[in-house]
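Participant: below is the structure, and that's it, no one-letter string:
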């Protein structure tokens, strides 16, 4: 029940943050997008560089080693989620959205505590997916896909700057957002999401922990 409530809350917050463009993509670009998405999913599966992959690694590691810093991050994340639910039920969607994001970042704090190289490994996976998709596209006319790729490249640049500044959790969050957008690129194009980031973040934050 709690997992269903979590997903419902995250979905509701995404709806309030996104809108749709009036024009639909051409059918042939959706076919191309399906193949591009398959490439991204293949990279993500091989590297386990998605948010769910890192959570699986985290909880497997914590079963064998009790990392107090990671456990503290997870405890804070659970508390923030409870606050987010309360804010949502009270009708304060903006506060709920912020608390939900803060909770997710605390989970990533635990990931980075246990796996310090997570930002770099995830960034490499995003870069590999971008290169493989661009190679696949070649000279095909796919303007919406190319716009998504440009946005993900910008997220990667932001992540690298954050990493250089020592902000590993921020860097991981940005890289995970990038891989999540590519992982669901068909939906982003078909639904003409005006805010790819909000949709990707909502999908990731709906995962229970």
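Facilitator: Thanks, I have the structure now. Quantities reported herein were computed from a predicted structural model and do not represent experimental measurements.

Participant: list of residues touching whatever helix or strand residue 98 lives in?
Facilitator: Under the criterion DSSP states H and E, the helix or strand holding residue 98 is helix 93-114. Residues from elsewhere that reach helix 93-114, judged by Cβ atoms under 8 Å, 6 or more residues apart in numbering: 9-10, 12-13, 16-17, 54-55, 57-58, 61-62, 67, 69-71, 73-74, 76-78, 80-81, 83-85, 87-88, 118-119, 168-170, 172-173, 176, 201, 204-205, 209. Where C-beta positions appear, they are placed from N, C-alpha and C, glycine not excepted.

Participant: residue nearest the centroid of this structure?
Facilitator: The residue lying closest to the centre of the chain (Cα atoms, centre = their mean) is residue 177, at 3.2 Å.

Participant: wait, that residue touches residue 198, no?
Facilitator: No: here residue 177 lies out of contact with residue 198, judged by Cβ atoms under 8 Å, at a distance of 9.9 Å.

Participant: show the pLDDT at residue 188.
Facilitator: According to the model's per-residue confidence, residue 188 sits at a pLDDT of 89.

Participant: again, but for residue 2
Facilitator: So residue 2 comes in at 44 (pLDDT).

Participant: what does the helix or strand where residue 147 lies contact?
Facilitator: Using DSSP H and E, residue 147 maps to helix 143-164. Helix 143-164 is touched from outside by 25, 29, 32-33, 36, 119-120, 123, 126-127, 130, 133-134, 137, 168, 170-172, 174-175, 177-178, 181-182, 185, 188-189, 196-197, with contacts defined as Cβ under 8 Å, 6+ apart.

Participant: pLDDT on the helix holding residue 98, on average?
Facilitator: According to the model, helix 93-114 has a mean pLDDT of 94.

Participant: which element follows that helix toward the C-terminus?
Facilitator: helix 118-137.

Participant: can you give me the buried ones in the next helix or strand along the chain from the helix holding residue 147?
Facilitator: Past helix 143-164, heading to the C-terminal end, the next element that is a helix or strand (DSSP H and E) is helix 168-183. Neighbour counts over helix 168-183 (16 or more other Cβ atoms under 10 Å) mark 168-183 as buried.

Participant: what of stretch 102-112?
Facilitator: Applying 16+ other Cβ under 10 Å to stretch 102-112 flags 103-112 as buried.

Participant: likewise stretch 114-134?
Facilitator: Under the neighbour-count criterion of 16+ other Cβ under 10 Å, stretch 114-134 has 114-115, 118-120, 122-123, 125-130, 133 buried.

Participant: want to throw the residues you listed into JSON lines with distance to residue 141?
Facilitator: Formatted as JSON lines, the entries for these read as follows, by distance: Cβ to Cβ, whole Å:
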{"residue": "114", "distance to residue 141": "44"}
{"residue": "115", "distance to residue 141": "40"}
{"residue": "118", "distance to residue 141": "36"}
{"residue": "119", "distance to residue 141": "34"}
{"residue": "120", "distance to residue 141": "34"}
{"residue": "122", "distance to residue 141": "30"}
{"residue": "123", "distance to residue 141": "29"}
{"residue": "125", "distance to residue 141": "27"}
{"residue": "126", "distance to residue 141": "24"}
{"residue": "127", "distance to residue 141": "24"}
{"residue": "128", "distance to residue 141": "24"}
{"residue": "129", "distance to residue 141": "21"}
{"residue": "130", "distance to residue 141": "19"}
{"residue": "133", "distance to residue 141": "15"}
